[in-house]
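Predicted coordinates and the sequence they were generated for:
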Amino acid sequence: MVAADFVVGIVGNIVSILSFTSPISQFRDIVKRKCADNYNGTPYIATFLSCSLWILYGLLDPDEGLLIVTVNAAGVAMQSLYLILLFIYSSKEKRVKYFGFVVLDVVCFGVVVAFTLVAFEGGSRRTFTGILCAAFTTMMYAAPLAALRTTIKTKSVEYMPILLVFSLFVNGCVWLTFALLVTDVFVLVPNAIGILLGVLQFCVYLMCKNSTPIAMVNEKETEIQDFSFGDIAGIDVKANNAIPQKRALSRLDAFPIIRSPSLSPNRSNSTQHHEADVEHGGAN
């Protein structure tokens with residue numbers, strides 16, 4: 001008879017792998033246009049490192065960690081493919097940047113592996129690695145909260161990535177169930193937090209869904225520092241000669257944090273708007 005945790009783990013693998021494949025349509029566009037300059041690889045670089053750490057965690061306990069290894073191995077493979085395509089179709093400047101970040105990922109992973117094997121023994125190795133993995137996963141679930149404040153202020157749900165919230169919620173439910181069945185606290189805690197954050201965001205969405213949107217007319221609310229959110233969100237913003245511009249709040253400005261490790265790359269439309277502002281010598 002097949003164990004319940006194995007069945008749930010298989011379902012978790014399917015859900016997570018489907019989320020890993022979500023950027024495929026964007027990469028089809030990249031290959032078709034043979035240009036990736038409007039895309040940023042930061043989310044894929046971060047996901048590559050996160051999945052690598054989860055593979056290490058799973059390998060430290062082959063009996064219970066097999067399904068964790070398989071899903072994250074698929075994640076590493078998908079992120080590697082995305083990064084290769086970005087490297088092929090990006091400018092020379094971006095190629096150097098991506099190569100440097102990938103090398104940094106590999107070095108960090110190597111340091112973690114070496115430190116884990118040298119500094120710890122037995123179960124302590126898995127504890128140390130589990131803490132790192134749980135921290136990465138918690139940040140992934142917290143990413144959509146960047147839009148929550150804007151949604152509450154504007155009473156408009158257009159700034160909330162509800163499909164992202166739903167997919168993370170389902171993913172969290174499946175892996176929480178798996179963690180309960182195998183009694184794995186490092187899988188349980190971040191996914192429990194993810195479920196709670198998902199419920200919070202669903203509540204805000206339902207409260208604001210039928211509300212009348214409020215225009216954000218206050219200058220202090222509409223004044224956005226272009227250089228501040230761009231790097232965090234994975235949006236390419238040229239910071240040279242960057243001058244704070246007053247402009248209306250856009251959909252892109254509602255997401256100051258990387259949305260999730262498995263999402264499609266963001267087009268850097270903010271760069272084009274910013275350069276247009278500077279060229280015309282003033283704000284919109």
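That came through, no problem.

ok, how many other residues are close to residue 24?
13 (other Cβ atoms under 10 Å). The way it works is simple: take the backbone N, C-alpha and C, and place the C-beta from them, glycine included.

confidence score at it?
Per-residue confidence (pLDDT) for residue 24: 88.

Please apply the same query to the one 4 residues further on.
Taken from the predicted model, the pLDDT recorded for residue 28 is 90.

And the closest residue to residue 200 other than its chain neighbours, how far from residue 165?
Excluding its sequence neighbours, the residue lying closest to residue 200 (Cβ to Cβ, 6 or more residues apart in numbering) is residue 148, at 7.7 Å. Going from residue 148 to residue 165 by Cβ to Cβ, to the nearest Å gives 10 Å.

now swap in residue 19 and tell me
For residue 19, the distance to residue 165 equals 13 Å [Cβ to Cβ].

circling back to that earlier point, which helix or which strand is home to the residue nearest to residue 200?
helix 148-154 (DSSP states H and E).

got the buried residues for that helix?
Counting neighbours by 16 or more other Cβ atoms under 10 Å, one finds that the buried residues in helix 148-154 are 148, 150-151, 154.

if we take the residues you listed, which one ends up nearest to residue 182?
Distance to residue 182, by Cβ to Cβ, is smallest for residue 148 among the buried residues of helix 148-154, at 31.9 Å.

does the closest one really touch residue 201, like I thought?
Yes: the pair residue 148 / residue 201 is scored as a contact, 6.3 Å apart, by Cβ atoms under 8 Å.

How are the helices of this structure distributed by residue range?
With helices called from DSSP state H, the chain shows them at 4-20, 24-33, 42-59, 62-89, 92-119, 123-142, 148-154, 162-182, 185-209, 219-222, 226-233, 269-279.

With that, I have no additional questions.
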